[in-house]
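*Asks:* Structure for the following, please:
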Amino acid sequence: MELFGERLLLSKISIDDLDFICRIECDENLWYFEEYVQSDEKVVREEYIHKIEENGKPSSYDFIVTLAADESKTPIGLAQIWSDNEYRKSWEIGFAILPEYGGKGYGTEAAKLLLQFAFEKLDAHKVVGMCNANNICSAALMEHIGMEREAIFREELFWQNKWTDQYYFSILEREYFHLKNGQAGTE
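*Replies:* Coordinates of the predicted model:
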């Protein structure tokens, strides 16, 4: 499965991607704002092998982010979406772009592709995203793609040896389609 953007290609993960996934998932610098980063590549590898081999209706989709123009498909990031609440048709997104590709809008495009996939293929009613309140770039990105900060979970994360807030963002199906169709506001 592939999701095509203007400058990016999101390809469903495969066994061939495990080395990159382990590198990116275990990189403490990349996940600076997370309260925990798995450091054992074996654990990460096993988790993703399980996801790749999962049978039945998927509850998550993991994509390798590459530049569309790069014929060698060199990975530049990871984009993910997983079921937050199946009954309520709610999905959560997450994404990481390698630092050397940061600041070029690739995170924004990857997140927009995840929203498009959620609302146009997964029949989502709502998509959510969360971030450490200190992660200004992630919060700004979610607002930029049309998500609204609807909650602050006070002292939700134990980060850098102290309690810190977590922001909770969301976008509803009708809001996504209003934005896509160039309409301002919501119903």
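*Asks:* only C-alpha atoms for contact and neighbour calcs from this point on.
*Replies:* OK.
*Asks:* For whichever strand or helix holds Glu47, buried residues please.
*Replies:* Of the helices and strands defined by DSSP states H and E, Glu47 is found in helix 41-53. Buried residues in helix 41-53, defined by neighbour count with 16 or more other CA atoms under 10 Å: Glu41, Val44, Arg45, Tyr48, Lys51, Ile52.
*Asks:* Double-check Leu3 against Leu113; I have them as touching.
*Replies:* Yes: counting by CA atoms under 8 Å, a contact exists between Leu3 and Leu113, whose distance comes to 6.8 Å.
*Asks:* Compare these two (neighbour count), which wins?
*Replies:* Taking other CA atoms under 10 Å, Leu3 and Leu113 do not tie; Leu113 has more neighbours (19 against 16).
*Asks:* Distance check, the more buried one against Asp40.
*Replies:* Noted for Leu113: a distance of 30 Å to Asp40, by CA to CA, to the nearest Å.
*Asks:* And Val128, by the same measure?
*Replies:* From Val128 to Asp40 the distance is 28 Å (CA to CA).
*Asks:* returning to what we had before: restricting the selection to alpha carbons, write the helix holding Glu47 to CSV.
*Replies:* These are the backbone C-alpha positions of helix 41-53, laid out as CSV (Å, rounded to 0.1, in the frame of the first residue of the first chain):
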residue,chain,number,x,y,z
GLU,A,41,16.4,-2.8,18.9
LYS,A,42,15.4,-6.5,19.4
VAL,A,43,12.1,-5.4,21.1
VAL,A,44,11.4,-2.9,18.3
ARG,A,45,12.1,-5.5,15.6
GLU,A,46,9.8,-8.0,17.2
GLU,A,47,7.0,-5.5,17.6
TYR,A,48,7.2,-4.5,14.0
ILE,A,49,7.5,-8.1,12.7
HIS,A,50,4.2,-8.8,14.6
LYS,A,51,2.6,-5.7,12.9
ILE,A,52,3.8,-6.8,9.5
GLU,A,53,2.6,-10.4,9.9
